[in-house]
Structure formats: structure tokens, C-alpha cells
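Novice: no sequence on this one, just coordinates:
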């Protein structure tokens, strides 16, 4: 439910379900931080999908600023 691949991407419903679970998770921020630092290319991490994480990094130009921006918005 949390990981797709280039050959088999997550469906919209799978992403929704994973993000719902992430929204209630106590380690959401740590998970998101890991995804940025480890450059995770696939899956839902900290409540964000690949596209959302790439957009945050592009907008904020640093991992720390991207994490701050994502966590100040609250759970997805």
C-alpha cells in the first residue's frame, strides 16, 4: 500500500489509503525526513507521494526547509 515502482505505480486509491494512515502516525515527520535524506524515489513517506516530495524540495531548495513546510501544513 505504501510503495509503488516505475513499472507498477500506486493507484490513486492506494495513495489515499496510505496517506490516511500517515496522517495519524506518530513518526510522520521522522519518516518524511528519512525519505528526503535517503532520496527515496518511490512510495508514500510522511504522508507525501513522490511528486509532492519533489515539488517541496524544488520549492524550498533544502531538506530542512521542505520538512518544515510539509509539517507546518499538518497531516495530508
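Specialist: Done, it's in. Predicted model, so just to flag it, every value in this text is computed and none were measured. Numbers count the residues shown, from 1 in each chain.
Novice: which non-adjacent residue is nearest residue 49?
Specialist: On the basis of CB to CB, 6 or more residues apart in numbering, the spatially nearest residue to residue 49 that is not a chain neighbour turns out to be residue 15, at 5.6 Å. The C-beta positions use only the backbone N, C-alpha and C, and glycine is treated the same way.
Novice: secondary structure element for the one you found, which one?
Specialist: Secondary-structure element containing residue 15, defined by DSSP states H and E: helix 12-23.
Novice: what residues does that helix touch?
Specialist: 1-2, 4, 10, 28, 31, 43-44, 46-49, 75-76 (CB atoms under 8 Å, 6 or more residues apart in numbering).
Novice: cool, stretch 48-67 as well?
Specialist: Taking contacts as CB under 8 Å, 6+ apart, the residues outside stretch 48-67 that touch it are 10, 15, 19, 29, 32-33, 35-37, 40-43, 45, 68-70, 76.
Novice: again, only this time at 6 Å
Specialist: Counting contacts by CB atoms under 6 Å, 6 or more residues apart in numbering, the residues outside stretch 48-67 that touch it are 15, 32, 33, 36, 69, 70.
Novice: now do that stretch, average pLDDT.
Specialist: Per-region confidence: stretch 48-67 scores 88 on mean pLDDT.
Novice: since that was my last question, I'll sign off now.
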